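# What would the 3D arrangement of this be:
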Amino acid sequence: MFSVLFKKSNRIWLFAFGVIIIVAAYWSVLASNRYVSEANIVLESPQLAMPSLDISSILNGGGSNGDMLLLRDYLLSVDMLKELDAAVDFREHYSNSDADLLTRLSNADAPMEELHEYFLKRVSVELDSYANILRVQVEAFSPEKAHEIATVLLAKGEAHMNLMGQRLAEEQVKFLEVQVEDLVGKFDAARQELLDYQNKNGLVSPTGTVESINAVVSGLEGQLSSLQARRKLLLSFQSVRSPEIIRIESEIKALSSQIDQEQARMATQSGAALNQLSSEYQTLELKAQFAQESYSSALSALQATRIEAARKLKQVSILQSPTLPEYPQRPQRLYNIAVFAVVTLFITLIINMLIMIVRDHRD
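This next block holds a predicted model:
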């Protein structure tokens, strides 16, 4: 029984060493070289300012983490894969028969899902949230192809971010332009209605006319009060037929008549009461003023949105341009062999220990 278990243990160790030798041979000889092109990029926006805008919103124009994550997702998307396939023959390069079977794309006509899965193994885009930098790595079977794919990735990513921001801004600008056009029409109509009303009633400002008449009536009433007081004083020592009393009474009569005329003028103007005209005029004036303020606000918003549209144009600033690798960085042959050997030996040891435990229990 013991000899049987011992023989089984030896066979397991032999099998483990055999597997290690085969895997080591693959990593040492058969595994194809892969070259890695690296690039580091950030997103920046032009810093534009205008007096009516919130300064903080301008200062926050740099590429945010949200924009960086959007760019990262696009760089790893199926759409990007399709553009790469059209621009640099992605399928043809990675299904190259010169590469080993385990590394290359198994089928040049693989469906898009399988191709995208393979694409994610060869292209890495990681966000360094501390430095707000995207680190791009592209593996290929030649240094030139790795460099070419990384360059196309950056160019397509920048174009996509610009297009996305510009599309949103253009929609906003188009909406505001329609609103401004509508408001300028309303402002012109309100202003013309006010002018027609002034021409129709022959008054530039009924409110001003009412105030002017009130001032004249107040002045006349003051003079009338003074004359009435003087007449009372003179009557205390003069006859009612004295020349002085007759003259003052004539002046009082004239002032009273003038006050009646002014009050009648304020009450009626061109067939309508002047206070009614003033009320209607104020309503039209408020409508024209509101239309003007709405038009001015819409113009300011339109100008701000146009500047915002320019600010939203994202520029991919390259901190490190795509490198042209001089030696293959993948696969890491010694590292892979060592890790595989350690794991295999550890598993084999566990299996042997289990066998010994079973043997002890049987004994």
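# list the contacts for Lys263?
No, residue 263 isn't Lys; it's Gln. For Gln263, the contacting residues are Val217, by C-beta atoms under 8 Å, 6 or more residues apart in numbering. C-beta: built from backbone N, CA, C; applies to glycine.
# what about it, distance to Ser212?
Distance of Gln263 to Ser212, computed by C-beta to C-beta, to the nearest Å: 13 Å.
# need the helices for this structure, in chain order.
If you assign secondary structure with DSSP state H, the helices in the chain sit at 2-25, 55-59, 65-75, 78-88, 90-94, 112-122, 143-201, 206-235, 243-267, 274-311, 333-362.
# out of those helices, nearest to Tyr130?
Between Tyr130 and the helices of the chain, the tightest spacing by C-beta to C-beta is seen for helix 65-75, at 10.6 Å.
# list the helices and strands the closest one packs on?
Packing partners of helix 65-75 (3 or more C-beta pairs under 8 Å, 6 or more residues apart in numbering; DSSP states H and E): strand 35-44, strand 123-128, strand 133-140, helix 143-201.
# Would you single out the least confident of the ones you listed?
Of all those, helix 143-201 carries the lowest average pLDDT, namely a mean of 84.
# How far off centre is it?
Here the centre of helix 143-201 is set off from its chain's centre by 13 Å, with C-alpha atoms, centre = their mean, to the nearest Å.
# ok and that helix relative to helix 274-311, angle-wise?
Helix 143-201 and helix 274-311 are oriented at 170 degrees to each other (axes from the mean of the first three to the mean of the last three C-alpha atoms, to 10 degrees).
# what's the angle from helix 143-201 to strand 133-140?
Angle of helix 143-201 versus strand 133-140, following the same axes, to 10 degrees, is 140 degrees.
# Distance check, the residue located most distally from the centre of the chain against Ile245.
The outermost residue of the chain, judged against the average C-alpha position, is Ser239 (92.6 Å), by C-alpha atoms, centre = their mean. Counting by C-beta to C-beta, the gap from Ser239 to Ile245 is 7 Å.
# Roughly how far does the residue nearest to Leu302 when sequence neighbours are not counted sit from Glu170?
Nearest-residue entry for Leu302: Leu176, 4.4 Å, with adjacent residues in sequence omitted and distances by C-beta to C-beta, 6 or more residues apart in numbering. Note on Leu176: its distance to Glu170, by C-beta to C-beta, is 11 Å.
# out of the two, which sits in the more crowded spot?
Neighbours per residue (other C-beta atoms under 10 Å) separate Leu176 from Glu170, with Leu176 holding more: 18 against 12.
# can you pull the contacts of the more buried one?
By C-beta under 8 Å, 6+ apart, Leu176 lies in contact with Ala298, Ala301, Leu302, Thr305.
# May I see the buried residues of stretch 94-105?
Using 16 or more other C-beta atoms under 10 Å as the test for burial, stretch 94-105 gives Tyr94, Ser95, Asn96, Ala99, Thr103, Arg104, Leu105.
# In contact with Val78, which residues are there?
By C-beta under 8 Å, 6+ apart, the neighbours of Val78 are Met112, His116.
# Lowest-scoring secondary structure element of the protein by mean pLDDT?
Sorted by mean pLDDT, DSSP states H and E, the helices and strands of the chain end with helix 55-59, the least confident at a mean of 41.
# That concludes my questions; thank you for your assistance.
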